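[1] sequence and predicted model, in that order:
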Amino acid sequence: MTTKTRARLKLLGVMMVFVGPLALAYVLYYGLSYGAAGTNGGTLIDPAKRVPNITLTDAAGETVPSGALFEQKWTILQVAPGGCDDACVESLKETRQIRALLHRRATRVQRILLTDSQTLPAMPEQPDLSLYRGPLDDFRAMFESQDAATPGTVYLVDPLGNWMLYYPPGGDGSALFKDVKHLLKLSHIG
């Protein structure tokens, strides 16, 4: 090997030290496709939909606009038309455990159950659950527009009042936990 060839190889090696990582980063960021699902465990609503602003009644009998409920905190929302059946109660237990697993970040997440039944169920085993009743037609229409109206579905609403993700019934809850944990880590709101 001649001196000229050796010098060119050294120059190429030095260039690869500086250009190589940039080229690799470019290929990893723009060149690889991760599919439509991305990294979220739930089904993404793209673009996110604003939660309908309707008047709801809480357990104390006071009226609250729904828009105010979904501001400032991440919300795990469940809707139980006609009341909360056994599957709904099991889902509530699971979301309570998910919220508890968030430890110090749990204060940034609230759980809400909406129903259209005339009486709100007594749920002493769910102390961190907020219960509201009211007409759910607007919510039902929003969920049906995304094929997410199956009873027992869990919905995730951001602190700005936008419905972002949903989780069909029958899941093990780990997808919801991972998504909420990831969003709380990245988000500076709520």
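    Thanks, I have the structure now. Numbers count the residues shown, from 1 in each chain.

[2] report the residue ranges of every domain in this protein.
    What automatic domain parsing lists as the domains of the chain is 1-32, 43-186.

[3] residue 177 contacts residue 101, correct?
    Yes. Using Cβ atoms under 8 Å, residue 177 is in contact with residue 101, at 6.1 Å. Using the backbone N, CA and C atoms, a C-beta is placed for each residue, glycine as well.

[4] the two: which has the busier surroundings?
    residue 177 (18 against 13; other Cβ atoms under 10 Å).

[5] quick one: list the elements packing against the strand or helix carrying residue 112.
    Element membership for residue 112, per DSSP states H and E: strand 109-115. Judged by 3 or more Cβ pairs under 8 Å, 6 or more residues apart in numbering; DSSP states H and E, strand 109-115 is in contact with strand 74-80, helix 86-101, strand 129-133.

[6] show me where the protein has its helices.
    3-26, 66-69, 86-101, 137-144, 174-186 (DSSP state H).

[7] indicate which one of the ones you listed is closest to residue 60.
    Among the helices of the chain, helix 66-69 comes nearest to residue 60, with 14.2 Å by Cβ to Cβ.

[8] can you give the distance of the closest one from its chain's centre?
    Between the centre of helix 66-69 and the centre of its chain there are 17 Å (Cα atoms, centre = their mean, to the nearest Å).

[9] what comes up buried for that helix?
    66, 69 (16 or more other Cβ atoms under 10 Å).

[10] quick one: average pLDDT of that helix?
    Mean pLDDT, helix 66-69: 88.

[11] go ahead and confirm residue 96 touches residue 113.
    No. Counting by Cβ under 8 Å, residue 96 does not reach residue 113; the two are 11.2 Å apart.

[12] overlap of the contact sets of the two?
    Taking Cβ atoms under 8 Å, 6 or more residues apart in numbering as the criterion, residue 96 and residue 113 both touch residue 129.

[13] show me the shaky parts of this structure.
    Residue ranges of the chain with pLDDT under 70: 32-38.

[14] for it, which residue is closest to the average position?
    Centroid-nearest residue in the chain: residue 156, 4.0 Å away (criterion: Cα atoms, centre = their mean).

[15] how far away is it from residue 62?
    26 Å (Cβ to Cβ, to the nearest Å).

[16] about what we covered before: not counting its neighbours along the chain, what's nearest the residue nearest to the centre of the chain?
    Using Cβ to Cβ, 6 or more residues apart in numbering and skipping the chain neighbours, the partner closest in space to residue 156 is residue 165 (4.2 Å).
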